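>>> I would like the atomic coordinates for the input below:
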Amino acid sequence: MSSPINHPQVDVVILGLGHCGGPVAAELSRAGNKVVGLERGPFWDYSVDWAVGNKFDEYAIMVNRKFDFPCSKATFTMRNNSNQFALPVRRYTKDVQVISMGYGVGGMGAHYAGAMGRIGPWAFQAYSNTINKYGASVLPSDHDLEDWPITYDDAAPYYAEWEKAMGISGTNQDPFEPGITYPTAPHPITPVGKLFHDTAVSLGYHPVPAPSALISSGYTNQYGISRNACIYCGWCAGACNFPCEVGAKGSSHVTTIPAAVNSGNFDLRTFSTIFRIDTDSTGRMATGVRYYDASGNVHVQPAKVVYNALWGFNLIRMMMTSGIGTNYNPVTQTGSLGRAPTELGDASLGTTLGTINIGANAYCAGNGWGGGYVMNDFADDNFDHTGLGFIGGGPIYLGNYPGSGPNNFTFLEPGPANFGSAWKATQKDIKLPTKQTLISTIFEGPQIPEKSMYIDLDPHYNDVYGDPLPRVTMDYGSNELKSAKFVLQKYADIMTKMGCTNVTTIPGNGIQDFHMDDYQAHTRGGARMGSNPATSVFNKWCQCWDMQNLFAAGEILETFGDNTTAGTHVAGMMAYLAADGIKKYLASPGSLV
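Here you go, the predicted model:
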């Protein structure tokens with residue numbers, strides 16, 4: 001192999017340019033700092049790469065995954081407990097791994113559904129709030145729940161910056177998430193959404209239009225970056241896998257990275273696969289990073305600050321392979337890196353069904369997250385949990401656009417009943433129903449962090465470059481199952497009041513039926529922020545306890561959270577918090593706490 005290619009030192013090097021990399025790139029470069037951004041994929045030009053001929057192809061996108069990072073190069077392994085042999089996720093497809101890892105500038109934000117919503121005040125201090133009100137006995141004996149090192153009020157200004165950068169669509173009246181001023185209006189409401197709203201209000205609840213990162217009107221953010229409004233093409237959701245051909249879907253490649261490029265202080269390097277964070281002889285300071293270019297050449301990029309914005313498992317793996325931090329030991333229950341991750345996915349897979357006499361065309365129209373309402377009356381501790389046996393809950397959504405994704409065969413179960421002329425006859429008018437069936441699936445409420453769950457390096461499987469894959473040891477618990485069953489019944493009550501017939505609740509049985517065998521993109525914890533260096537990896541400024549010039553942001557840093565949509569939203573908030581921390585560090589190097 002040829003000698004490494006050495007680059008001049010810069011102020012900040014950013015690892016990954018998705019939701020968490022973009023804000024730091026914009027903020028630090030516009031403040032006059034020299035910034036290098038490294039991304040393993042391309043920069044997507046939506047007007048070319050996602051034009052009509054490229055985007056409207058369900059098979060190529062949902063099955064062949066032509067816009068996603070190939071698992072053959074790097075993936076992760078999973079198991080449910082430490083006695084099992086972890087197996088790698090080898091492909092993205094239904095019944096194996098529907099949600100894919102991002103690839104290119106924007107990351108998964110380039111093709112997600114755009115669901116948004118803040119984590120509310122209770123979740124930031126869920127541990128203290130829970131034991132003070134209900135006592136410690138309501139938590140599992142193996143729990144590892146801690147409070148965030150910041151409050152909702154601390155987070156509020158960073159939330160606001162994220163929302164302005166993204167142009168979040170919504171309204172400002174949710175009593176459970178105070179201080180919101182979303183910059184663009186909600187999407188047009190569907191008839192079912194209107195009925196849900198009126199019914200919920202009559203019951204004393206507080207529904208608001210579902211916040212969305214799919215902008216409802218043309219918008220220019222605080223950096224002067226303009227975007228087009230959503231055109232409601234319908235090829236938007238489909239399990240979070242369709243990109244946007246007009247740039248309406250909030251992603252760093254159309255919101256913050258252009259601002260960084262315009263600053264003149266930002267060097268964007270695509271097809272750059274980072275494999276190490278370099279450290280000095282003490283192992284306590286980062287000196288820069290090493291990465292492969294598209295030709296396999298090794299580059300060395302020195303920097304005063306390293307900002308790790310890689311997604312979830314990869315963020316942790318990068319620190320572990322670089323020898324940074326103290327890896328969690330599940331036997332002694334010591335160490336913090338990889339400790340107690342949680343998942344918001346499909347443990348319960350419960351569904352409430354009902355039919356209502358409101359016609360709706362189910363052909364591709366609308367977008368992935370608009371047209372409906374959300375209410376948080378049964379999320380967090382917004383209702384009394386005495387005697388319920390769980391904490392938290394979840395938001396209730398109804399009325400979103402029914403044609404937000406093609407889904408012609410993506411979720412079609414193979415079998416003899418799904419072929420032939422008889423089956424084809426059932427499909428002829430399937431997109432033109434005379435009655436609309438409401439389907440509401442509540443994924444589990446919050447999974448409480450447990451000491452038996454962790455992420456480490458797999459001793460058996462490597463990536464294409466020879467580095468070990470991250471190994472995820474996780475399974476479902478009882479809290480998410482119990483809370484899901486509770487909220488499912490609330491769905492049923494509301495739908496019955498709306499006039500739905502044939503209302504049926506089908507609760508999932510979680511760990512009684514199946515175990516965690518994939519990830520849902522919203523893995524949290526494992527490299528959490530906290531106030532205790534022994535049990536957390538980063539302090540309240542997203543600065544690493546063990547390495548003062550290493551910062552990070554992402555859901556994997558979240559201490560605790562209560563709903564899925566807030567995962568992306570809070571990660572964006574944390575990126576602006578980290579940007580502020582990096583500015584403080586560059587002005588006066590040292591620990592910020």
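>>> please count neighbours and contacts with C-alpha atoms only from this point.
Fine.
>>> for stretch 293-300, buried residues please.
Residues of stretch 293-300 classed as buried by neighbour count (16 or more other Cα atoms under 10 Å): 293, 298-300.
>>> between those, which is closest to Gly32?
Val300 (22.5 Å; Cα to Cα).
>>> what helix or strand is that closest one on?
Using DSSP states H and E, Val300 sits in strand 298-308.
>>> counting contacts, what elements does the helix or strand following that strand pack onto?
Of the helices and strands lying after strand 298-308 in sequence (DSSP H and E), the nearest is helix 312-321. The contact analysis (3 or more Cα pairs under 8 Å, 6 or more residues apart in numbering; DSSP states H and E) places helix 312-321 against strand 273-279, strand 454-462, strand 468-473.
>>> would CSV of the buried residues of stretch 293-300 with distance to Ser478 be doable?
Output for these, formatted as CSV (distance: Cα to Cα, whole Å):
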residue, distance to Ser478
Asp293, 45
Val298, 47
His299, 47
Val300, 47
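>>> need the residues you listed in TSV (columns: pLDDT and distance to Thr386).
Output for the buried residues of stretch 293-300, formatted as TSV (pLDDT from 0 to 100; distance: Cα to Cα, whole Å):
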residue	pLDDT	distance to Thr386
Asp293	97	56
Val298	97	58
His299	98	57
Val300	98	56
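>>> out of those residues, which one sits closest to Tyr127?
Nearest to Tyr127 among these is Val300, at 42.5 Å by Cα to Cα.
>>> show the contacting residues for the closest one.
4-7, 288-291 (Cα atoms under 8 Å, 6 or more residues apart in numbering).
>>> buried subset of the residues you listed?
Buried, going by 16+ other Cα under 10 Å: 288-291, out of the contacts of Val300.
>>> of those, which belong to helices?
Among the buried ones among the contacts of Val300, DSSP state H puts none in helices.
>>> closest to Asp429 out of the helices and strands packed on helix 312-321?
Nearest to Asp429, of all those, is strand 468-473, at 43.3 Å by Cα to Cα.
>>> direction included, what does that closest one pair up with?
With DSSP bridges as the test, strand 468-473 is paired with strand 77-79 (parallel), strand 454-462 (antiparallel).
>>> show residues contacting stretch 313-332.
Stretch 313-332 has contacts (Cα under 8 Å, 6+ apart) with 76, 275-278, 283, 308-309, 334-339, 451-457, 467-470, 526-527, 537, 546-547, 556.
>>> try it again with 6 Å
Stretch 313-332 has contacts (Cα atoms under 6 Å, 6 or more residues apart in numbering) with 276-277, 334-339, 470, 546.
>>> most neighbours among those, which one?
When neighbours are taken as other Cα atoms under 10 Å, the top entry among the contacts of stretch 313-332 is Gly338 (33 neighbours).
>>> how about it, what does it touch?
328, 454-455, 526-527.
>>> compile these into JSON lines and extend it with columns for distance to Thr504, neighbour count and pLDDT.
As requested, these are arranged in JSON lines below (distance: Cα to Cα, whole Å; neighbours: other Cα atoms under 10 Å; pLDDT from 0 to 100):
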{"residue": "Tyr328", "distance to Thr504": "44", "neighbour count": "23", "pLDDT": "98"}
{"residue": "Tyr454", "distance to Thr504": "37", "neighbour count": "26", "pLDDT": "96"}
{"residue": "Ile455", "distance to Thr504": "38", "neighbour count": "27", "pLDDT": "96"}
{"residue": "Gly526", "distance to Thr504": "37", "neighbour count": "33", "pLDDT": "93"}
{"residue": "Ala527", "distance to Thr504": "40", "neighbour count": "33", "pLDDT": "96"}
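>>> would you turn those into JSON lines with distance to Lys490?
Listed next are the contacts of Gly338 as JSON lines, based on distance: Cα to Cα, whole Å:
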{"residue": "Tyr328", "distance to Lys490": "39"}
{"residue": "Tyr454", "distance to Lys490": "33"}
{"residue": "Ile455", "distance to Lys490": "35"}
{"residue": "Gly526", "distance to Lys490": "32"}
{"residue": "Ala527", "distance to Lys490": "34"}
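>>> can you list the low-confidence ranges for this protein?
For the chain, the stretches flagged by pLDDT under 70 are 1, 93-100, 344-349, 361-363, 408-414, 433-434, 440-444, 507-514, 517-520, 563-566.
>>> just the C-alphas of the helix or strand encompassing Phe486, formatted as CSV.
Applying DSSP H and E as the criterion places Phe486 in helix 478-497. Taking C-alpha atoms only, helix 478-497 is exported to CSV below (Å, rounded to 0.1, in the frame of the first residue of the first chain):
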residue,chain,number,x,y,z
SER,A,478,-42.2,-5.6,29.6
ASN,A,479,-42.5,-1.8,29.9
GLU,A,480,-43.0,-1.2,26.1
LEU,A,481,-45.4,-4.1,25.9
LYS,A,482,-47.6,-2.9,28.8
SER,A,483,-47.6,0.7,27.6
ALA,A,484,-48.5,-0.3,24.0
LYS,A,485,-51.5,-2.3,25.2
PHE,A,486,-52.7,0.6,27.2
VAL,A,487,-52.4,3.1,24.3
LEU,A,488,-54.0,0.7,21.8
GLN,A,489,-57.1,0.7,23.9
LYS,A,490,-57.1,4.5,23.9
TYR,A,491,-57.0,4.3,20.1
ALA,A,492,-60.0,1.9,20.1
ASP,A,493,-62.0,4.3,22.4
ILE,A,494,-61.3,7.3,20.2
MET,A,495,-62.1,5.4,16.9
THR,A,496,-65.3,4.1,18.4
LYS,A,497,-66.3,7.7,19.3
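>>> the stretch 151-300 of the chain: strands as residue ranges?
208-209, 219-220, 226-227, 266-269, 273-279, 286-292, 298-308 (DSSP state E, counting those that start in this stretch).
>>> mind listing what the first one pairs with, with the direction of each?
Counting by DSSP bridges, the strands paired with strand 208-209 are strand 373-375 (antiparallel).
>>> next SSE after the partner strand?
Assigned by DSSP H and E, the successor of strand 373-375 is strand 396-398.
>>> for the helix or strand following that following strand, the distance to its chain's centre please.
Sequence order places helix 420-427 as the next helix or strand after strand 396-398, per DSSP H and E. Its chain's C-alpha centre lies 38 Å from the corresponding centre of helix 420-427 when counted by Cα atoms, centre = their mean, to the nearest Å.
>>> for helix 420-427, list the C-alpha coordinates in PDB.
Taking C-alpha atoms only, helix 420-427 is exported to PDB below (Å, rounded to 0.1, in the frame of the first residue of the first chain):
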ATOM      1  CA  GLY A 420     -53.000 -16.000 -10.100                       C
ATOM      2  CA  SER A 421     -56.100 -14.500 -11.700                       C
ATOM      3  CA  ALA A 422     -58.200 -14.600  -8.500                       C
ATOM      4  CA  TRP A 423     -55.700 -12.700  -6.500                       C
ATOM      5  CA  LYS A 424     -55.200 -10.200  -9.400                       C
ATOM      6  CA  ALA A 425     -58.900  -9.500  -9.400                       C
ATOM      7  CA  THR A 426     -58.700  -8.400  -5.700                       C
ATOM      8  CA  GLN A 427     -55.900  -6.000  -6.600                       C
END
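>>> mind giving me the packing neighbours of it?
In this structure, helix 420-427 makes packing contacts with no helix or strand, judged by 3 or more Cα pairs under 6 Å, 6 or more residues apart in numbering; DSSP states H and E.
>>> pull out the buried positions in it.
Buried residues in helix 420-427 (16+ other Cα under 10 Å): none.
>>> how much space between Arg528 and Trp311?
The gap separating Arg528 from Trp311 is 13 Å, by Cα to Cα, to the nearest Å.
>>> neighbour count: these two, which is higher?
Neighbour tally, Arg528 and Trp311, criterion other Cα under 10 Å: the higher count belongs to Arg528, 31 against 26.
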